[in-house]
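Colleague: mind looking at a prediction? Sequence and model below.
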Amino acid sequence: MSGPPYGIGVIGAGDISRLHALACRGLPGLAKLVAVADLDGERAEQVRRQHGFEIATTDTAAMLARDDIDVVSVCTRPNLHARLAGMALEAGKHVLCEKPLAHNLPDCDALIETADAHPEALLSVVYQWRNDRHFQALRALVDRGDLGRPLMGSMVVRTNRGAAYYQDGAARESWALDGGGALMVIGIHQLDLLTTMFGEAAECSARMDTFTKPTEAEDSMAGWIRFKSGALVTLACSVCDHESNFDVTVLGERASARLNGARRGRPPAPQECRLTLHAASRGDRMALRAGRLADLPHRLSAPILRSRVRRTADRLLRRPFVPPTSWWHGPMVEEFLVAVRDGHPAPVPPRQARRSVEIAAALYQSARTGETVSLPLRQGDPGYDHLPEAPAVRAVR
């Protein structure tokens, strides 16, 4: 494989592929867009023209055989992640796969086995919130023990899916294609954040329902997770809300922290969390303030203003708008390509990415059976081996 800029091939020409393409366009020293593949040739051609790929194709195998492609982004529905990422690894390509690693645990483990058989190729999974500087600040506070021993936490994820979302693609939030509904499609990001701070899960319980959305899987879930450390975390996830927002909180013995990720504009407009810290004692408050990560700025007004000015200028000058590499997928794509260049480990290796899928599978098993489920899940457990053959929750039309 030649050095940078690396030839990029993208599999899948949906909305997520555009975020990968924009990130690569903002990294000319690391990335060069070569090919986009999709079964819908017209859609692939549209992405090619919009972002300047050299070719568009419906033949994924032929794309993977090209010598001028070094890195492949897998941007399809989750049920195809394991097969396509595995094909790319076997073709000698480095792979950046959209979340989740796969839509079920058997596919996750099959892909991990393929990755182990091809150690020369890097496989990483896109969890872009890991690159948010406020989350990194929170993680550092937890790792350093500044909050004290984590006792409890919470995860609340809420957004609204309109009718157009479900009309736009077949079987949105289905068991067969996505591995689940609200939890698997949007809450998987926050499950990943929890695993980076609380470690391995020991048991969980959940209830789910489909209240308003025309989807096979759940549109809402509530539950709890007990981690091996003893920490207890509650969760609530829904696509029936009237805003787009999430909160992740950590309650420690000495202090607590709240990470808020309200949506501020559509992608690729700048998106950034806010971190709020609280402590009961004056000494702990002073210690948090003195920490180099505790006083990060929380306002987004300046980046949003720069975004609008830049877009306006590009429109007037009749040039394509390329967002800064600090927005949306930019930081994670850059981190991955630097790891390829410098021989570093994958930013989110597949075994790490598997943990959030396993917790989701256990929560679904609990919601279907009404029982508390112990982790890890093993082959033969209902949550490991299969998904429901029929909708497991009431579907309201």
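Modeller: Good, I have the coordinates. Not measured: the values here are computed from a predicted model.
Colleague: in contact with Thr325, which residues?
Modeller: Contacts for Thr325 (CB atoms under 8 Å, 6 or more residues apart in numbering) come out as Ala23, Gly26, Leu27, Pro331, Glu334. Using the backbone N, CA and C atoms, a C-beta is placed for each residue, glycine as well.
Colleague: gap between it and Trp129?
Modeller: Look at Thr325 and Trp129: by CB to CB, to the nearest Å, they are 16 Å apart.
Colleague: can you pull out the strands in this structure?
Modeller: For the chain, strands defined by DSSP state E occupy the ranges 6-11, 31-37, 55-57, 71-74, 94-98, 123-126, 150-160, 201-209, 220-227, 232-238, 240-252, 255-260, 274-279, 373-374.
Colleague: what's the fourth one packed up against?
Modeller: The criterion is 3 or more CB pairs under 8 Å, 6 or more residues apart in numbering; DSSP states H and E, and the helices and strands that strand 71-74 contacts are strand 6-11, helix 81-90, strand 94-98, helix 330-342.
Colleague: export those to TSV and tack on mean neighbour count, mean pLDDT and distance to Phe53?
Modeller: As requested, the helices and strands packed on strand 71-74 are exported to TSV (neighbours: other CB atoms under 10 Å; pLDDT from 0 to 100; distance: least, CB to CB, whole Å):
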stretch	mean neighbour count	mean pLDDT	distance to Phe53
strand 6-11	26	98	8
helix 81-90	22	98	17
strand 94-98	28	98	16
helix 330-342	20	96	15
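Colleague: and the pLDDT at Ala390?
Modeller: The score at Ala390 is 45. That number is its pLDDT.
Colleague: next one: Leu316
Modeller: 81.
Colleague: which ones are touching Ser229?
Modeller: Ser229 touches Arg149, Pro150, Phe198, Gly199, counting by CB under 8 Å, 6+ apart.
Colleague: give me that answer again for 10 Å
Modeller: Arg149, Pro150, Leu151, Met197, Phe198, Gly199, Glu200, Ala201, Ala202 (CB atoms under 10 Å, 6 or more residues apart in numbering).
Colleague: the third one: neighbour count?
Modeller: It refers to Leu151. Neighbours of Leu151 under the rule other CB atoms under 10 Å: 15.
Colleague: leaving out chain neighbours, which residue sits closest to the residue minimising distance to the centre of the chain?
Modeller: Centroid check for the chain by CA atoms, centre = their mean gives Tyr127 as the closest residue, at 3.4 Å. Closest residue to Tyr127 apart from its sequence neighbours, by CB to CB, 6 or more residues apart in numbering: Asp192 at 4.7 Å.
Colleague: where does the chain have low pLDDT?
Modeller: The chain contains residues with pLDDT under 70 at 1-2, 168-170, 263-266, 268-270, 289-307, 386-397.
Colleague: rerun at 90
Modeller: For the chain, the stretches with pLDDT under 90 are 1-3, 133, 160-173, 216, 242-244, 261-274, 279-328, 379-382, 385-397.
Colleague: hey, which helix is longest across it?
Modeller: Identified as the longest helix of the chain according to DSSP state H is helix 350-369.
Colleague: give me the buried positions along that helix.
Modeller: By 16 or more other CB atoms under 10 Å, the buried positions in helix 350-369 come out as 350, 352-368.
Colleague: how about the residue nearest to Ala362 when sequence neighbours are not counted, what does it touch?
Modeller: In this structure, Ala362 finds its nearest non-sequential neighbour in Val373, 4.5 Å apart by CB to CB, 6+ apart. Shown in contact with Val373 (CB under 10 Å, 6+ apart): 201, 203-206, 359, 361-367, 381-383.
Colleague: give me the neighbour count for Glu113.
Modeller: Neighbours of Glu113 (other CB under 10 Å): 11.
Colleague: what sits against it?
Modeller: Glu113 makes contact with Gly86, Pro350 under the criterion CB under 10 Å, 6+ apart.
Colleague: ok, Val34 touching Ile69?
Modeller: Yes. Assessed by CB atoms under 10 Å, Val34 is found in contact with Ile69 at 5.3 Å.
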